[in-house]
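Peer 1: I'll drop the sequence and a predicted model, then ask my questions.
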Amino acid sequence: MNFNLKNNYQTIFLVILSVIIIFQFSQLLQRNENEEYNSSEAESYSELESIKESSKKILKLDKSKKMLKLDKSKMLNKSSNVNDKYGSPSDIFDDKGSRIIYWKFSKPNPWSCLYFNQTKNTYTFGLNHMIDKKLLEEWNKIIPNIGVNDKEKMLMITSNDEESALAVINLVLSTSHNELSIKEIMESNLIDVSVSKIKAHPLVKSKILEQIISKLSTNKEQIKPDSSLDLATQKIDIGAYGGNEFSFI
């Protein structure tokens with residue numbers, strides 16, 4: 001039996017070459033599959049991150065809208081409460097980015113007018129009473145939220161609530177009528193005491209109202225201050241007044 005070694009070598013070589021080619025081809029296919037999988041996985045991850053970011057933005061937007069609705073709701077509720085207390089306003093207008101509700105009272109209660117800054121949630125009360133300019137200057141050193149409207153001949157005070165305004169105005173009128181001095185008020189801490197009591201006890205508030213009305217009804221000298229002391233909130237310039245609570249409270 002004769003073997004052709006040459007042919008056998010060629011056959012073996014071809015078989016080995018075929019195996020190598022098949023192996024390399026399979027490796028190439030596997031590599032392509034892995035790349036496609038990784039690419040697909042990266043795209044899926046990128047899409048997932050994009051969805052997460054979009055969800056976060058949507059949630060933030062929804063939260064902002066909800067907060068805005070809550071703020072508007074609080075503002076409307078506050079305005080409704082003010083209207084219930086003081087009745088229908090005489091005017092509503094915008095001034096320097098603030099929404100102002102204005103009342104002019106034909107029968108003082110004891111206030112003759114009221115500006116409610118709905119944006120800042122502050123009140124500016126007007127009292128039909130004038131005080132000496134030097135006395136006003138002394139009070140302004142303690143409470144910058146007190147002024148006069150020279151045009152309307154009114155004493156003005158800005159506060160976060162009516163009770164604080166009543167307590168302070170009562171003391172201001174007491175100094176105007178020489179019943180007390182500012183020094184006595186400060187030494188006895190009467191401002192803090194008065195504000196605390198009138199907020200805590202309705203009877204004290206009624207008593208303060210009686211005292212203010214009594215002071216307003218007595219004969220007193222009307223003193224016209226300099227125009228430079230027109231520190232109160234005017235209807236056309238509501239932003240001129242501070243609008244913050246008293247600094248010592």
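Peer 2: Cool, the structure landed.
Peer 1: please pull out the lowest mean pLDDT helix or strand from the chain.
Peer 2: helix 5-86 (a mean of 63; mean pLDDT, DSSP states H and E).
Peer 1: just checking, next helix/strand downstream of it?
Peer 2: strand 91-95 (DSSP states H and E).
Peer 1: so what strands line up beside that following strand?
Peer 2: Strand pairing for strand 91-95, determined by DSSP bridges: strand 98-104 (antiparallel).
Peer 1: mind giving me the domain ranges of the protein?
Peer 2: Here the domain parsing of the chain from automatic domain parsing is 1-87, 89-240.
Peer 1: for the helix or strand where Lys183 lies, packing partners?
Peer 2: Using DSSP H and E, Lys183 falls within helix 182-187. In terms of contacts (3 or more Cβ pairs under 8 Å, 6 or more residues apart in numbering; DSSP states H and E), helix 182-187 is packed against helix 133-142, helix 162-176. For the C-beta atoms, the positions are set from N, CA and C on the backbone; glycine is no exception.
Peer 1: please repeat the previous calculation with a cut-off of 6 Å.
Peer 2: For helix 182-187, there is no helix or strand it packs on, judged by 3 or more Cβ pairs under 6 Å, 6 or more residues apart in numbering; DSSP states H and E.
Peer 1: okay, the angle between the helix or strand harbouring Ser196 and helix 133-142?
Peer 2: Following DSSP H and E, the helix or strand that holds Ser196 is helix 190-200. Angle, helix 190-200 to helix 133-142, by axes from the mean of the first three to the mean of the last three Cα atoms, to 10 degrees: 70 degrees.
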